[in-house]
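In: the following block contains a protein sequence and its predicted model.
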Amino acid sequence: MKPALPQVTGLPEEHGAACMTVSDVLSRIGDKWTVLVIVTLSRGSLRFSEIEREIGNISKKMLTSTLRALERDGMVERAVTPSRPPRVDYTLTELGCELREPLMALGEWARINAGRIEQARRRFDRTETGGAQPWQSLG
């Protein structure tokens, strides 16, 4: 279920519609499995089992669901080659390839700033929870 966006007053109708559009797209591409599938397929066309093996800890059901959603959104193309058993290959579309660059930039930013984020979390946890982890202070 998608979270409801808060009502924004005093802004043109187009702004609200744009926020909804951006929210919808980000909910697809911001998913952990989507990012891993896009990055994996950025190296070229792969079969289902190759994608599964490359990612490592994804269930067949989750990989199937992610690939179908990406195919529906026009980012992945599924090609079936008639053989016994049928061969199915997944490839990034032009749209999926365009997504690779911002995803890689975001991944690089996360890698570079992971230490700073961890320091900020520790500092926050010390001051806000007296050193307890957030789940420990819930009672």
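Out: That came in fine, so what should we check first?
In: enumerate the positions of the host helix or strand of Arg68 that are buried.
Out: Here Arg68 sits within helix 60-72, counting by DSSP states H and E. Buried residues in helix 60-72, counting neighbours by 16 or more other Cβ atoms under 10 Å, are found at 62-63, 66-67, 69-70. Placement of C-beta: from N, CA and C, glycine included.
In: is it possible to get TSV of the residues you listed that adds distance to Leu106 and pLDDT?
Out: Supplementary listing: the buried residues of helix 60-72 in TSV, determined by distance: Cβ to Cβ, whole Å; pLDDT from 0 to 100:
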residue	distance to Leu106	pLDDT
Met62	21	96
Leu63	22	97
Thr66	18	96
Leu67	21	97
Ala69	19	94
Leu70	17	96
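In: turn these into CSV, including distance to Arg43.
Out: Listed next are these as CSV, based on distance: Cβ to Cβ, whole Å:
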residue, distance to Arg43
Met62, 20
Leu63, 16
Thr66, 17
Leu67, 16
Ala69, 20
Leu70, 16
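In: closest to Pro82 among those?
Out: Set against Pro82, the nearest of the buried residues of helix 60-72 by Cβ to Cβ is Leu67 (19.7 Å).
In: many thanks, I have nothing further to ask.
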